Each structure stands twice: as C-alpha cells, then as structure tokens.
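1. build me a model:
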Amino acid sequence: ESTRWQAAWSLEKIDPGNSQAIATLCDLAANAESESTRMEAAESLGEIGQGNPQAIATLCDLAANAESESTRWQAAWSLEKIDPGNSQAIATLCDLAANAESESTRMEAAESLGEIGQGNPQAIATLCDLAANAESESTRWQAAWSLEKIDPGNPEAIATLCDLATNAESEDTRGWAAESLGKIGQGNPQAIATLCDLATNAESEDTRGWAAESLGKIGQGNPQAIATLCDLATNAESESTRRWSAESLGKIDPGNPQAIATLCDLAANAEFEFTRGWAAKSLGKIITTDEQRQKAVSTLQPHLNNETYENNFNLYKHYYNILWKIAQDLPYTDFYQAWHKTTQQSLENQLLDLSQQLQTHESKLLLCLDIHSLLTTRDPIEIADLLWQKIHETAFPEATKLPPEISRSSQLTRYLKQLKRDCNKTHLVLILHDSIPPQNSFSPSLRDVLIQCSDTALIAWLTDSPLDPPLKGFLPTQGNLVGALQAWLDEV
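-> Below you'll find the predicted structure:
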C-alpha cells in the first residue's frame with residue numbers, strides 16, 4: 001500500500017491531472033488496511049484533487065465514516081482545500097471538535113474551523129460551546145482564538161480569554177490568553193481590566209510581560225491601562241517586564257503627561273541600558289508639544305556624552321536620533337534652553353554668589369553681569385551705554401542717582417577708570433553671561449566695545465560662542481566652572 005501511494009503521488013508530480021493517480025489515492029483512502037496510509041492518501045488528495053468529483057466524494061465519505069479520528073480530521077481538512085465551503089468538511093470538524101475522544105484532535109478541529117468556518121453558524125456555535133465548556137484549558141483557548149477569527153467581536157471569545165487569563169491553572173495558557181486579548185480586545189473594557197489585573201498580580205513575570213505588551217495594543221487612552229503600565233515600568237522586578245511596559249507606553253496615548261514623566265525617568269535612570277534605550281524610543285514617539293520636547297531634551301542631554309558613546313554606542317545612537325528629530329521640530333531658543341537647562345540653572349545659582357565663591361585680591365573689583373540685552377544690539381554707543389548702566393547698577397546696588405549717560409563709545413573707558421578710583425581698586429574684573437541664548441551670534445559692535453574696554457577691565461565671558469583675545473571665553477557647560485574662573489583670576 002505504501003508503494004502504491006508513493007507511485008500515485010509521484011505520478012501526479014510528473015503528469016499533473018493523471019486520472020490513475022487520483023483513482024489510486026481514492027482507493028487507498030477508502031480501502032487501505034493501514035490507517036497511516038489512508039491518512040497519507042487523504043492528505044495527498046488535498047494537494048492534487050482540486051475540483052475532482054471522485055476525490056471530493058472519497059473525502060466526504062472518509063470524513064463522515066472513518067474509524068480513526070485523526071483520519072476524519074485529515075479528510076475534512078483536505079476536503080476544504082479541494083472543495084471550499086463543502087458542508088461535509090465543516091460538519092465533520094464540528095463533530096470532531098465537540099465529540100472526539102482525543103484532546104489533540106479536538107484542538108486540531110477547533111484550529112481548522114478557525115481557518116475555514118468564516119461566518120458559518122454551525123462552526124460558530126460549536127466553537128462557542130467548546131470555548132465555554134471544554135475540560136482542557138488549551139482547547140478552550142484554541143476555540144476562543146478560532147472563534148474570533150471566524151466571527152470577529154464575538155463576546156464568547158473575549159469572555160473565554162478573560163476567564164483563562166484570570167483563572168487558568170497553566171501559566172502558559174494564561175500567557176497565551178493575554179497575548180490573544182492583545183489581538184482581539186481593542187477597546188474592550190473587560191479585556192483591558194483583565195490585562196491590568198494580570199499585569200499587576202500574575203506570579204509569572206513572563207505573563208505580566210505579555211499582559212503589558214497587550215495593553216499597549218488595546219488600551220489606547222485608557223487611564224487604568226496607562227497607570228498600570230507606568231507602575232510596571234517603574235516598579236516591576238523583571239527588567240523584561242519593565243521593557244515591555246516602556247514599549248507599550250510609546251503606543252498607548254501620545255502626549256499623556258503621566259506616560260511621558262515615567263518614560264523620562266526610565267530613560268535617565270533605568271539600571272539596564274537596554275531598558276533605557278526602549279524608554280527613550282517610546283519617549284520620542286509620544287511627545288507632541290514643544291514643552292514635552294523640551295522635557296525630553298533636558299532628560300536625554302546629560303547622557304549624550306563620551307562615556308555613553310564608548311561604553312554603549314547603541315544607546316548613544318538612540319539618544320542622538322531622538323534629539324536630532326526634536327531639534328527639527330523645536331525652535332532654536334527653546335532647544336538651547338532645554339539643552340542647557342541643568343547647566344544654566346546651576347550656572348545661575350553659581351552667579352548669584354559667584355563673587356563669594358571666587359577668591360579675589362582686595363585690589364580687584366569683581367562684577368558679574370547678565371548681558372543678554374546687549375547681544376543683538378547693533379549701535380556701539382547704545383551698547384556702551386547699556387553696559388555702563390549694568391556695571392554701575394551692579395557696583396552700586398544701593399545708589400539712587402542714575403549714572404551719567406554715554407554719548408560716545410570712548411567715554412566708557414573713562415568711566416571705568418573713574419569707577420576703579422571711586423572703589424579704590426586697581427583692577428576691574430567683569431564676568432559676563434547671557435541668561436537666554438540668541439538665535440544668532442552676538443553683533444560685531446558688542447565685540448568691538450568689549451575689546452575697547454579690555455585695556456581697562458579684565459573680561460571673562462561665559463558663552464558657547466568662540467572668542468578671540470583679549471576676550472577670554474569659558475563654556476557655561478564645562479565642569480568645575482568656578483575652579484576654571486578662579487585659575488584665570490589667579491593668572492591675571
């Protein structure tokens with residue numbers, strides 16, 4: 001019999017449509033003593049018997065009357081392949097799903113119904129009953145999954161999956177149910193509530209991870225889902241669960257403040273760099289406003305450094321790509337402020353008492369000035385006058401009398417010399433900074449006025465812009481800024 005089957009199968013391959021091949025396979029399927037030969041013949045008819053009346057009749061008879069449940073299933077499956085919609089195929093599969101003694105056969109029948117039973121009332125009713133009442137958890141899961149495929153939105157499918165996710169004894173089954181809910185439970189309150197509970201309380205971290213991933217697919221905008229994912233991303237013991245939660249937060253609700261705050265914290269502080277990378281990617285997906293973009297820049301900027309580049313280039317690349325994308329959307333001034341936020345805040349704090357932090361000889365008068373208002377001014381006389389007013393106000397904060405105005409830029413040097421005499425100092429030291437960065441570099445007129453002053457005052461400027469001597473520049477972002485300024489003061 002095996003030789004006859006092989007000959008018929010080979011005959012069909014070298015002479016497609018040969019009537020002897022199909023006739024032989026039909027005879028073997030109906031009459032072979034070996035059950036495996038009958039199954040192989042039935043399977044082969046499903047490959048070559050398309051539309052052939054003899055093959056269809058043979059498979060119908062085999063599906064209805066074969067003693068072996070496996071053979072009946074194979075006949076029904078092959079029958080559907082060569083005669084789609086054949087009522088005997090679905091009837092056989094429904095009978096096997098409901099009544100087969102072998103659990104594996106019931107599962108295979110349920111799976112097959114999910115492939116061929118689209119919209120069929122008998123198939124839907126069989127799967128509903130199987131999903132609700134089968135003893136095997138695996139069979140119930142397969143029935144629910146097949147039911148959703150042939151009757152989308154069927155409440156029995158979601159109800160069964162929710163019950164399995166919550167109550168199944170097998171952790172694998174609970175995980176499968178959670179994964180399946182992520183595919184069919186879009187917006188369904190019962191599915192979302194089940195997944196939230198599973199993500200929070202399941203004993204298996206793998207199951208909690210599946211639940212977290214599924215919440216990202218079906219829980220869009222749902223406050224409970226967002227709160228659950230934020231909690232998992234922050235507190236889950238398993239790093240994989242935290243990673244799944246971070247990824248889901250990138251899908252669930254663009255612009256959500258709670259999700260963005262969680263992802264910012266995770267991107268900056270997660271123990272494992274893999275999780276930090278996922279958090280950063282998700283953060284880049286859900287920020288929608290300039291304020292949120294600024295927050296992301298402030299979060300990621302400190303980690304875009306040589307240490308990250310050398311030790312974890314992939315993480316560095318994630319941070320860089322996100323920051324580059326934000327830079328395309330965020331106005332320059334906003335990006336600059338966000339980039340230097342930490343540095344700028346610490347700088348401003350330092351500048352409040354910089355004169356106390358720096359040790360200056362009693363012969364030196366040290367003044368710190370915010371010259372932002374001068375950066376884009378073009379008129380040298382106006383620049384000289386504004387600079388003089390700031391110097392006078394800083395040197396004499398209690399003064400009630402306004403300083404003399406400047407009508408010629410050369411007057412500034414004379415006034416500075418007089419200031420040193422009035423304060424009984426031999427040196428005047430000006431430390432300049434700009435509290436808000438300009439979108440363009442400072443005007444040449446400002447540079448010229450400061451160079452003119454450099455004969456009378458020692459000038460240091462905290463700026464990112466390059467400076468030529470005699471002006472001395474210090475990067476606001478450099479480490480130990482106070483120490484660097486102190487070293488410069490000691491030298492001059």
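2. contacting residues around the spatially closest residue to Glu179 that is not a sequence neighbour?
-> Excluding the flanking residues, the one nearest Glu179 by C-beta to C-beta, 6 or more residues apart in numbering is Trp210, at 5.1 Å. C-beta: built from backbone N, CA, C; applies to glycine. Applying C-beta atoms under 8 Å, 6 or more residues apart in numbering to Trp210 gives the contacts 175, 178-179, 182, 244.
3. now Trp210: which helix or strand?
-> For Trp210, the host element (DSSP states H and E) is helix 205-218.
4. now do that helix: distance to the chain's middle.
-> Relative to its chain's centre, helix 205-218 lies at 14 Å (C-alpha atoms, centre = their mean, to the nearest Å).
5. let me know the pLDDT of Ser87.
-> The per-residue pLDDT reported for Ser87 equals 78.
6. how many neighbouring residues does it have?
-> 12 (other C-beta atoms under 10 Å).
7. which phi and psi does it have?
-> Per-residue torsions, Ser87: phi -70, psi -30 (degrees, to the nearest 10).
8. next, the buried residues of the next helix or strand after the helix holding Trp210.
-> Downstream of helix 205-218, the next assigned helix or strand under DSSP H and E is helix 223-235. For helix 223-235, a neighbour-count test (16 or more other C-beta atoms under 10 Å) marks 225-226, 228-230, 232-233 as buried.
9. list the buried residues for the helix or strand following helix 223-235?
-> Next in sequence after helix 223-235, counting helices and strands by DSSP H and E, comes helix 239-252. For helix 239-252, a neighbour-count test (16+ other C-beta under 10 Å) marks 240-252 as buried.
10. where's helix 239-252 relative to the chain centroid, distance-wise?
-> 7 Å.
11. which strands and helices sit next to it?
-> Contacts defined by 3 or more C-beta pairs under 8 Å, 6 or more residues apart in numbering; DSSP states H and E place helix 239-252 against helix 205-218, helix 223-235, helix 257-269, helix 273-286.
12. how far away is the residue nearest to Glu179 from Ala279?
-> 19 Å (C-beta to C-beta, to the nearest Å).
13. distance of the nearest residue to Leu358 once chain neighbours are set aside from Val297?
-> Nearest in space to Leu358, with sequence neighbours left out and distances taken as C-beta to C-beta, 6+ apart, is Gln486 at 5.6 Å. To Val297, Gln486 is 31 Å away according to C-beta to C-beta.
14. ok, the two, which is more surrounded?
-> Neighbours of Gln486 and Val297, each counted by other C-beta under 10 Å, are more numerous for Val297; the result is 24 against 15.
15. what sits against that one?
-> Neighbours of Val297 in contact, by C-beta under 8 Å, 6+ apart: 323, 326, 330, 335, 338-339, 341.
16. same thing with Ser454?
-> Contacts here follow C-beta under 8 Å, 6+ apart; on that basis Ser454 touches 470-471.
17. likewise for Lys295?
-> Contacts of Lys295 by C-beta under 8 Å, 6+ apart are 260, 264, 287, 338.
18. SS state for the nearest residue to the first one once chain neighbours are set aside?
-> Beyond its immediate neighbours in the sequence, the residue positioned closest to Ile260 (C-beta to C-beta, 6+ apart) is Gln292, lying 5.7 Å away. Reducing the assignment at Gln292 to three states with DSSP: H, G, I helix; E, B strand; the rest coil gives helix.
19. residues near Gln292, how many?
-> Residues within reach of Gln292, counting by other C-beta under 10 Å, total 20.
20. report the separation between it and Glu80.
-> The spacing between Gln292 and Glu80, counted by C-beta to C-beta, is 53 Å.
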